[in-house]
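# quick one, what's the 3D model for this:
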Amino acid sequence: MKLAQMFVSLLLPPIAALVSAPLLARALGQTGRGEVAAANAPILFTTAVLTFGLGDAATYFIARNKHRSTSLTFRVLAGFTALGALSAVFTWAAAPVLSRGNAQLAELLVLTAAATVPTFVTFGIRAIASGIQAFDLLAREAMITSSIRLAATIALFISGHLSVLSATLVFLLSPVVGAIALLPVFRRIPVNSDLPTARYTELFGYGHRIWLGALSGVVLSRIDQLLMVPLSSEAELGIYVVAVAIGELPSVVAAGVRAITFSADSAEAEGAAASTALRLQMMARMTATASFIAAGAGIALTPWAIPVFFGEEFRPAILPAIVLLIATAAGSAGSVGGAGLSARGRPGLRSLSMLFGALANLLVFFLLVPHTGALGAALATLAGSWVAGTANLIALSRVFGMPVSSFYGIRRSDLHVIISTISRRKGNHAA
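Modelled structure (predicted):
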């Protein structure tokens, strides 16, 4: 039950975002949708960059029994509060640049700055919950946050009150409200002041090593929406956000395939019991195949779906959405390969691959976005995703002798794993 709950909690946010995307597009239009995305971009960026790895460090130290104490918990929350204040000042100071003279957007960015501290505290509580393995609370919080965001968006749309301001407030406040579900975590932490507590030097010493490796990933996933308005316009960002909502669909399908494969016993996969390398290659093949099938379906439906669901105003999002569908599928096998590098004790190689991808992304982004807007951002994502994924597979080939070709295509043994796993689950339900 817990596995199913966690799986639903992982899938619900992108599904809720996809369902609410047409409502936001129809109510706000290109420019309004772009303003909402631009207002939320700083908080997405700062929670990924300006935490300096504190979340991962908190999870690590709290997970160690000797550090599980209320004193460390309060130290973590104090650290997140301070970093949130720093990020709020950054957002406020950068508002004139990020808004590019748009007075309404500048005011929204001030609201974002005000919401930054509670959002950072929410991230701190999530890290604490992860450290004590309160996965039930994390799943509940994710489901509540997504449900509140979706329900509020639908209610505002139906009532005719879905505006740039109200949509921004829903995005900013729903995670903070959802964090109420995490509060029981504090009752699960023993009160013991005699236990040793990690100092800030230890927390940030551990965290910065992970943070440095994650920076490239942040560039690949967060910087486009942050810089789109200064380099192009709010309308182009609105088009791009709609394209992203469509382009991320294959990743949802891939997540489902990974869940099925991970849950299968290794004995049920032909040859996988003898070698984790074969298991990794099978995972990559199945994920890539599912992603390409989903991307193909998306490419076929997108020219019809965007005008119907989002409105004729967003027809320019068709081509960027197709490019992003290709980008998601193209990087799927490489993302599994990156996880394989980390599991084999070579996270540095994965970070290097992400660095190459980030550089490719930034190069294309700064070259194309000022001239082609949303399409340029989509092409930048495609370049970064393909470079990072391919670099992961080349690293696995060079260091561990796994042929790059073994990560693509589909084998009879792969189908056997899917069929046997589904059959086993049906048998369990029947019993």
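
# any regions of the stretch 201-350 of the chain where pLDDT drops low?
Residues of the stretch 201-350 of the chain meeting the criterion pLDDT under 70: 204-210, 212-214, 220, 253-275, 342-345.

# again, only this time at 80
Confidence mapping of the stretch 201-350 of the chain against pLDDT under 80 gives the ranges 201-222, 249, 251-280, 338-348, 350.

# so which residues make contact with stretch 95-112?
Residues outside stretch 95-112 that contact it (CB atoms under 8 Å, 6 or more residues apart in numbering): 35-36, 38-43, 91-92, 94, 113, 164-165, 168-169, 172, 226, 229-230, 234. From N, CA and C alone the C-beta is placed, and that goes for glycine too.

# buried members of those into PyMOL, please.
Buried subset of the contacts of stretch 95-112, written as a PyMOL selection, criterion 16 or more other CB atoms under 10 Å:
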select buried, resi 35+36+38+39+40+41+42+43+91+92+94+113+164+165+168+169+172+226+229+234
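
# inside helices: which ones of the contacts of stretch 95-112?
When the contacts of stretch 95-112 are checked against helices using DSSP state H, the ones located there are 35-36, 38-43, 91-92, 94, 113, 164-165, 168-169, 172, 226, 229-230, 234.

# domain map for this protein?
For the chain, whose domains are defined here by automatic domain parsing, the residue ranges read 1-223, 232-431.

# for the first one, what is the distance to the chain centroid?
The gap between where domain 1-223 is centred and where its chain is centred comes out at 11 Å by CA atoms, centre = their mean, to the nearest Å.

# ok, now stretch 318-335?
In this view, stretch 318-335 has its centroid 15 Å away from the chain centroid, taken as CA atoms, centre = their mean.

# Gly389 and Arg350, how far apart?
Counting by CB to CB, to the nearest Å, the gap between Gly389 and Arg350 amounts to 11 Å.

# same question for Thr381.
When distances are taken as CB to CB, Thr381 and Arg350 turn out to be 19 Å apart.

# ok, back up a step: pull up the overlap in contacts between Gly389 and Arg350.
A shared contact of Gly389 and Arg350, defined by CB under 8 Å, 6+ apart, is any residue touching both; here these are Gly338.

# what sits against Gly296?
When contacts are counted by CB under 8 Å, 6+ apart, Gly296 touches no other residue.

# what count of nearby residues applies to Ala58?
The tally of other residues near Ala58 (other CB atoms under 10 Å) stands at 31.

# list the buried residues for the helix or strand hosting it?
Using DSSP states H and E, Ala58 maps to helix 54-63. Across helix 54-63, burial judged by 16+ other CB under 10 Å covers 54-62.

# for stretch 334-348, same thing?
Residues 334-341, 344, 346 are the ones in stretch 334-348 that count as buried (16+ other CB under 10 Å).

# likewise for stretch 364-383?
Using 16+ other CB under 10 Å as the burial criterion, the residues of stretch 364-383 that qualify are 364-365, 368-369, 372-383.

# so which of these are in helices?
Judged by DSSP H, the subset of the buried residues of stretch 364-383 located in helices is 364-365, 368-369, 372, 374-383.

# can you pull out the helices in the stretch 301-431 of the chain?
Assigned by DSSP state H, counting those that start in this stretch, the helices in the stretch 301-431 of the chain fall at 318-330, 332-343, 347-372, 374-400, 412-430.

# same list, those, but as JSON lines with distance to Val242 please.
Converted to JSON lines, the helices of the stretch 301-431 of the chain look like this (distance: least, CB to CB, whole Å):
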{"stretch": "helix 318-330", "distance to Val242": "7"}
{"stretch": "helix 332-343", "distance to Val242": "22"}
{"stretch": "helix 347-372", "distance to Val242": "16"}
{"stretch": "helix 374-400", "distance to Val242": "9"}
{"stretch": "helix 412-430", "distance to Val242": "33"}
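
# and of the ones you listed, who's closest to Leu301?
Minimum separation from Leu301 across those (CB to CB) falls at helix 318-330, 10.0 Å.

# what comes into contact with that closest one?
Outside helix 318-330, the residues that reach it (CB under 8 Å, 6+ apart) are 239-240, 242-244, 246-251, 288, 291-292, 294-295, 298-299, 302-303, 306, 374-375, 377-379, 381-382, 385-386, 389.

# between that helix and helix 374-400, how many degrees?
When axes from the mean of the first three to the mean of the last three CA atoms, to 10 degrees is applied, the directions of helix 318-330 and helix 374-400 differ by 10 degrees.
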